[in-house]
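Student: What would the 3D arrangement of this be:
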Amino acid sequence: MDADLAALHGYWCADGYVTKSSNPKWKYYYIGLRNTDLALLNDYQRKFKKVFGITPHISKNKDRCHIGSKEICLLLLQEFGSFHSRKWNMPIEYLNKESAAYWLKAFFDCEGSVSCQPRKNRVISAESVNHNELKQIQQQLLEKFGINSKIKPRKGRSTHALFIFGKDNLIKFKNKIGFLHPRKNQKLEEAINSYMNYKWEFPKSERELKNFVIDLMKSKVKIEKEGRIRFCSNIQENLLKISKSLSEIFGIETKVSKLRYNGIGTKYFELTISKKSEIKKLIENDLISEKEKNKIISFCF
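Tutor: Below you'll find the predicted structure:
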């Protein structure tokens with residue numbers, strides 16, 4: 001199975017159909033794709049012509065691309081079995097890594113969705129009544145592309161959903177499979193870009209490092225009621241580097257904590273400055289914002 005036929009098969013298993021009449025008095029043989037995205041319909045049309053030598057028609061409403069052909073319909077049903085929503089099968093015995101990527105791309109272009117809620121939920125999902133074949137998709141994603149996923153039943157429905165989440169998995173999906181669907185491709189880009197880089201990049205030159213430390217302190221420092229200064233990071237190395245920089249550039253003494261947990265179990269580290277002599281150095285070197293400076297003056301001096 002080459003890449004084009006693999007993609008067509010993926011389309012048929014998702015939003016497509018390969019069907020013939022069961023009534024001997026009214027015979028028909030239809031092959032098509034139902035979708036409202038013109039990019040997918042055009043892609044399906046081009047691939048169908050390349051594989052079978054004839055061009056299926058895009059409807060006037062641009063909601064499907066279809067053709068009637070007894071020869072092709074019977075050939076596909078004989079070779080691959082039913083394409084019914086509960087009976088389709090991912091043709092893993094025909095797929096190598098390249099053709100599997102095309103099959104998955106077509107399937108997710110139709111059945112997939114992308115959710116992007118920064119810091120809450122970034123996920124690619126696909127829902128189907130065909131639970132067994134979702135498991136096959138899950139296995140192919142992992143074995144051929146190193147993409148982890150989970151399958152869960154949908155409450156109140158007869159369907160299951162496959163979920164791909166985590167920055168590494170989303171990047172692998174983008175690079176190794178991807179979306180042709182424009183809106184889904186854009187949403188995936190947004191989801192990946194929404195991940196923050198929590199590791200601070202410290203400049204090498206002394207001048208740039210000094211300005212970096214000043215900007216970081218002004219944006220991060222918080223004043224506690226007892227006059228203690230602190231800020232937090234989930235990466236200890238960040239705080240050790242800022243502590244070293246404060247000491248070498250400004251002569252300010254700080255402490256970096258060991259691993260801690262907040263009330264909901266999130267891990268973090270904490271840098272603190274509590275001596276009044278060190279806090280004065282912060283003010284003198286303009287290392288805290290005006291808002292926090294007013295707080296610290298009222299608490300400590």
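
Student: Now do the helices for the stretch 1-150 of the chain: every range, in order, please.
Tutor: Secondary structure of the stretch 1-150 of the chain by DSSP state H, counting those that start in this stretch: the helices cover 3-14, 38-52, 70-80, 97-111, 131-145.

Student: So this structure: which segments form each domain?
Tutor: 3-193, 206-300 (automatic domain parsing).

Student: Distance from the last one to the middle of the chain?
Tutor: Looking back up the chat, that one is domain 206-300. For domain 206-300, the separation from the chain centroid amounts to 34 Å (computed by Cα atoms, centre = their mean, to the nearest Å).

Student: can you check the first one too?
Tutor: Once both centres are worked out by Cα atoms, centre = their mean, domain 3-193 turns out to sit 18 Å from its chain's centre.

Student: what's the first-to-last distance across it?
Tutor: 29 Å (Cα to Cα, to the nearest Å).

Student: for the record, mean pLDDT for that domain?
Tutor: Average pLDDT, domain 3-193: 94.

Student: what's the answer for the last one, then?
Tutor: Mean pLDDT, computed over domain 206-300, is 83.

Student: And the residue nearest the centre of this structure?
Tutor: L170 (3.6 Å; Cα atoms, centre = their mean).

Student: just checking, that one touches E190?
Tutor: No. Using Cβ atoms under 8 Å, L170 is not in contact with E190; the gap is 10.6 Å. (Each C-beta comes from the backbone N, C-alpha and C, glycine too.)

Student: Give me the buried positions along stretch 128-135.
Tutor: Using 16 or more other Cβ atoms under 10 Å as the test for burial, stretch 128-135 gives S128, N130, E133, L134.

Student: which one among these gets closest to F179?
Tutor: Lowest distance from F179 to the buried residues of stretch 128-135 (Cβ to Cβ) belongs to S128, with 17.6 Å.

Student: what's the closest non-adjacent residue to the closest one?
Tutor: L134 (5.5 Å; Cβ to Cβ, 6 or more residues apart in numbering).

Student: Now do the contacts for the one you found.
Tutor: By Cβ atoms under 8 Å, 6 or more residues apart in numbering, the residues touching L134 are A126, S128, I151, H160, A161, L162.

Student: Make a markdown table out of the residues you listed and add distance to K27.
Tutor: Shown next, in a markdown table, are those (distance: Cβ to Cβ, whole Å):
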| residue | distance to K27 |
| --- | --- |
| A126 | 34 |
| S128 | 30 |
| I151 | 39 |
| H160 | 36 |
| A161 | 37 |
| L162 | 37 |
